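Novice: need a 3D model of the following:
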Amino acid sequence: MDPTRASGGGRCYRPCPTARDDFMIIHGNGVHSVKLDFCGCESAEAPFQQLLRIHWFLASSKKPHTAAMFNVLEQFHLLSFESKVSAFEFYQSLSHISDNTGLNPPKDQYKQFLRIIRQWHHLKLLKRTGCGHDPLGISNTKQGDCALLCPACPHPGKNLLQDWRSIKPEKQFLYSLFVALDTNFQLKQRAVSKDSNDPSLSEGWAYFMEESTYKSYLSHHVNDVQEKSTCSSHNQGLDATGIGIVVCARHGMKLANGIGDLQKGERYMNMDYLFASALSGTTVNRLNISYDIACQWHRSLYQRMMSLPQAVRLDLSAKHVLFFVPKFLLPTHIMPCQWKYSFNWTCRVGHTNGEAPEHGWAHINPVGSSTKVMGPGHRCDTIDDFFGDWNWKKTITLGSTIHQKISEAILQRNEHQEDFEELEKSLFIKYPEQLLMWRQQIEDWEDDLSKLNPFEVKEISITQASIHLQLAKEEARAAQRSPEPPLHPDILPSILISAGIDLEDQHNALACRIEVWTKTHALYVPGSATLRDLYYSEGSGKASAPEDIPLYLPLQLWEGQANDALNELCQTLRSRAYMLKFKDCFLCGQGANTRARNCLKNVNAKIDLSVAKYCAAHHALCMLGPLLADDDVHSMSSEDDQASEGRRWLSWIWLSCEYTAEDVDDKSDCGLHEAIWIEWCKARARAHRWAEEVDLLLEEKQRTLQFLKWDATHWAERAEAITDQDKPLNEGLRAYAECQANICRRLGVSFTHTWRDVQEFSDVTYSEVPVN
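Specialist: Prediction:
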């Protein structure tokens, strides 16, 4: 293979052959041994530069004997991101392309290929983050400079307004930084090398933190005693090694210097350092922190921050900090934690779920099988490379993801606001004083979280005797409301109606009982006798079956049956919810659970009976209300509801249920007072969270566009700042900078087009009535 002269492109007359006249080239069609001559002219460039100009990447800059084609390296780079193929598997496939019989295999260049790949990834990292454009050189790169930032998160000086700190208090939550911490015990590392033998090429420039300071801190606190957990309903595996991570909780992007190794499981000292390292450079005043064990980890966190090295020390006392537990894991915590650390109940956090770290583990876990046998530096660089690809893919899909979230949030906001206003209207008619008191209590709690938490459920003992007592009280109050004496000495109107409805429900009732009932019915409804005589005269004179005899119940009785059925249904659903909760918390063993299932079977039968009674009344009186569907039959609380809390809705049966002031004030009614109060608070929280989510997404939309604009300007400034004397190099640097700036502009145009109707859609569909 003859080289091309560096000057002029003519043929070289002083070729310099490689040692042993044997040069290995890794190509897309296999691994080949070629004869290669370098240009030995006086004006010729160094051998490694000659090969780079023809897009060959060398394994060594001194006396090179192996090179890989740029397109092969690019192919493996992208293929590893998409399929997680290892370098060994990729190289073996190229080797088999050259010889798949094993009779004449090419010379093994796997180690050289590993070295080439690692250098290629590192140079790509520096190139794409602009470090190669720094006039002071790569040595001027600082910690975290090579990490891709989340465009939608607040970055003062990049995508925030100049006066963002002076915005009115009720809108300050729009500039909160949401972060989530998590650990992964799949990304293990075997003791195959050490830092001195295999140092990282990036040295903390990207997502992994700088190792020397981190390990020095851990060595000085190795004997620190971690306080015992008081939340015993969850379990964390602490006997494996892996990595800890800090990510953006809203968009799932990895934070710069927010990743580090765990030596002995999930210890506070590791996570403290990771948390402080990731946030040490932020100037945002409001932090919302999500962590699986936040209920325990945040205790004494402020004091532990002061023991960290000065370079990463984080002063949390100057910031407004809230701690949360991810929604999916929150039910595994004890009840006080569920009330205190919930995204659903805390105001000004939108519909954040805190599960962003979990979404990324499926992407990186397959890499663990190859990274666990790497040296410490190679492993850090490889994982950094994969996380950089993850952040880039998140960035270019922000247009579609934010648009999808906004479209859903606007609809959910309107539906939950309407649901809450309907509930509040229904409650306000019955007892406005209690409603005003509830509103004041929840507003006081939102302003000061140390006050009484309105979502906290007080445990109430539920017995069958208490339910019977409550039903007896209801019947007594109903009898006292009517001062008139009964028309019949033995049969009261309620008994008459009840007997009539029972006869209507039971088609096998005896004809003699119907005849007795019709005689008494004629005393209260004289017109019924005339209608019954007309029925017999137009028919055969006698009904063929008792169930065919019309009872001629008045319209008001059908309304009463339907309302009674709804009230019975609501009462029974509340009882079932309490019984399910009691069963889950206190019953164990086959015998106790069998008895509980029998009790629940009886309750479910009563629910079915109430539904059947209402449907029968609805069939005769369609104007009363809608027909009951299966989705309508669920309790106030979410114990028997499959929907998540943020998307749960209150069935209309609870809005139609006839609550009285006595019902609300009566503390013996199985917690009805508390159930109504808490459900009103939850409905209000759902409406507020979705309204906040819309505001947050609209703000993130603007921040993303502003960040892309800033990034494009930053790349353009890099292009203008190039002053190197090498003209070809200047042209290349300037062309690449302009290309990157153009990519940012094109992304901004694409996102703007995707979001073109979002603001108008939000304004048109949003109700003008504010949520209280």
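Novice: when you work out contacts or count neighbours from here on, use the C-alpha atoms and nothing else.
Specialist: Noted.
Novice: low-confidence stretches in the stretch 451-600 of the chain?
Specialist: Low-confidence segments of the stretch 451-600 of the chain, defined by pLDDT under 70: 458-512, 517, 521-563, 578, 586-587.
Novice: and the helices in the stretch 151-300 of the chain?
Specialist: For the stretch 151-300 of the chain, applying DSSP state H, counting those that start in this stretch gives helices covering 211-220, 268-279, 294-297.
Novice: mind putting those into CSV with mean neighbour count and mean pLDDT?
Specialist: Rendered in CSV, the data for the helices of the stretch 151-300 of the chain read as follows (neighbours: other CA atoms under 10 Å; pLDDT from 0 to 100):
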stretch, mean neighbour count, mean pLDDT
helix 211-220, 14, 88
helix 268-279, 23, 94
helix 294-297, 18, 93
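Novice: nearest to E74, out of those?
Specialist: helix 211-220 (28.9 Å; CA to CA).
Novice: so which elements touch the closest one?
Specialist: Contacts defined by 3 or more CA pairs under 8 Å, 6 or more residues apart in numbering; DSSP states H and E place helix 211-220 against helix 268-279.
Novice: which strands or helices does the helix it packs on pack on?
Specialist: Counting by 3+ CA pairs under 8 Å, 6+ apart, the elements that helix 268-279 packs against turn out to be helix 211-220, strand 242-248, strand 254-262, helix 301-305.
Novice: make it 7 Å
Specialist: Of the remaining helices and strands, those touching helix 268-279 by 3 or more CA pairs under 7 Å, 6 or more residues apart in numbering; DSSP states H and E are strand 242-248, strand 254-262.
Novice: who's in contact with it?
Specialist: Residues outside helix 268-279 that contact it (CA atoms under 7 Å, 6 or more residues apart in numbering) are 244, 246, 255-260, 262, 297, 312-314.
Novice: helix or strand right after the one helix or strand E679 maps to?
Specialist: If you go by DSSP states H and E, E679 is part of helix 672-720. Scanning forward in sequence from helix 672-720, with DSSP H and E defining helices and strands, the next element found is helix 727-754.
Novice: ok and that next one relative to helix 672-720, angle-wise?
Specialist: Calculated by axes from the mean of the first three to the mean of the last three CA atoms, to 10 degrees, helix 727-754 forms an angle of 150 degrees with helix 672-720.
Novice: and stretch 140-154, how far out from the chain's middle?
Specialist: Put simply, stretch 140-154 sits 23 Å off its chain's centre (CA atoms, centre = their mean, to the nearest Å).
Novice: kindly report the same for stretch 41-58.
Specialist: For stretch 41-58, the gap between its own C-alpha mean and the chain's C-alpha mean amounts to 51 Å (CA atoms, centre = their mean).
Novice: swap in stretch 182-196?
Specialist: Its chain's average C-alpha position is 28 Å from that of stretch 182-196, according to CA atoms, centre = their mean.
Novice: try stretch 215-234
Specialist: Going by CA atoms, centre = their mean, where stretch 215-234 is centred and where its chain is centred differ by 28 Å.
Novice: what do you get for stretch 704-721?
Specialist: For stretch 704-721, the distance to the chain centre is 31 Å (CA atoms, centre = their mean).
Novice: now what about it, what contacts it?
Specialist: Contacts with stretch 704-721, where a contact means CA under 7 Å, 6+ apart, come from 133, 151-152, 158-159, 733-734, 737-738, 740-742, 744-745, 748.
Novice: again, 6 Å this time
Specialist: Among residues not part of stretch 704-721, those counted as contacts by CA atoms under 6 Å, 6 or more residues apart in numbering are 151-152, 158-159, 734, 737, 741, 744, 748.
Novice: just the buried residues of that stretch, please?
Specialist: Within stretch 704-721, the residues that count as buried by 16 or more other CA atoms under 10 Å are 704-716, 718-719.
Novice: farthest pair within these?
Specialist: Using CA to CA, the buried residues of stretch 704-721 reach their maximum pairwise distance at T704 and A719, which is 22.8 Å.
Novice: so Y217 versus D272, what's the distance?
Specialist: For Y217, the distance to D272 equals 11 Å [CA to CA, to the nearest Å].
Novice: for G144, same thing?
Specialist: The value you get for G144 to D272, if CA to CA is used, is 18 Å.
Novice: now do R734
Specialist: Taking CA to CA as the criterion, R734 is separated from D272 by 42 Å.
Novice: nearest residue to A735 other than its sequence neighbours?
Specialist: Excluding its sequence neighbours, the residue lying closest to A735 (CA to CA, 6 or more residues apart in numbering) is A719, at 7.7 Å.
Novice: OK, contacts around T66?
Specialist: The contact partners of T66, taken as CA under 6 Å, 6+ apart, are 23-25, 58-59.
Novice: where along the chain do the strands fall?
Specialist: Under the criterion DSSP state E, strands of the chain are mapped to 15-17, 23-27, 30-34, 37-39, 56-58, 66-69, 177-184, 242-248, 254-262, 286-291, 320-324.
Novice: same for the second one, what does it pack against?
Specialist: In this structure, strand 23-27 makes packing contacts with strand 30-34, strand 66-69, judged by 3 or more CA pairs under 6 Å, 6 or more residues apart in numbering; DSSP states H and E.
Novice: highest average neighbour count across the ones you listed?
Specialist: strand 66-69 (a mean of 22; mean count of other CA atoms under 10 Å).
Novice: pLDDT on that strand, on average?
Specialist: The predicted model gives strand 66-69 an average pLDDT of 94.
Novice: note down every partner strand of that strand and its orientation.
Specialist: strand 23-27 (parallel), strand 56-58 (antiparallel) (DSSP bridges).
Novice: need the winner for burial among those strands.
Specialist: Comparing these by mean neighbour count (mean count of other CA under 10 Å), strand 56-58 ranks first with a mean of 24.
Novice: now render the helices and strands packed on strand 23-27 as JSON lines, adding distance to Q112.
Specialist: JSON lines is the format used below for these (distance: least, CA to CA, whole Å):
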{"stretch": "strand 30-34", "distance to Q112": "12"}
{"stretch": "strand 66-69", "distance to Q112": "7"}
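Novice: mind checking those strands for the one nearest to S762?
Specialist: strand 66-69 (51.7 Å).
Novice: next one: the helix holding E679 to chain centre, how far?
Specialist: What separates the centre of helix 672-720 from the centre of its chain is 14 Å, taken as CA atoms, centre = their mean.
Novice: ditto for stretch 200-207
Specialist: The chain centroid and the centroid of stretch 200-207 are separated by 29 Å, computed with CA atoms, centre = their mean.
Novice: what's that stretch in contact with?
Specialist: Contacts to stretch 200-207, defined as CA under 6 Å, 6+ apart, come from residues 143-147, 210, 256-259, 377, 384.
Novice: got the buried residues for that stretch?
Specialist: With burial defined by 16+ other CA under 10 Å, the residues of stretch 200-207 counted as buried are 200, 202-207.
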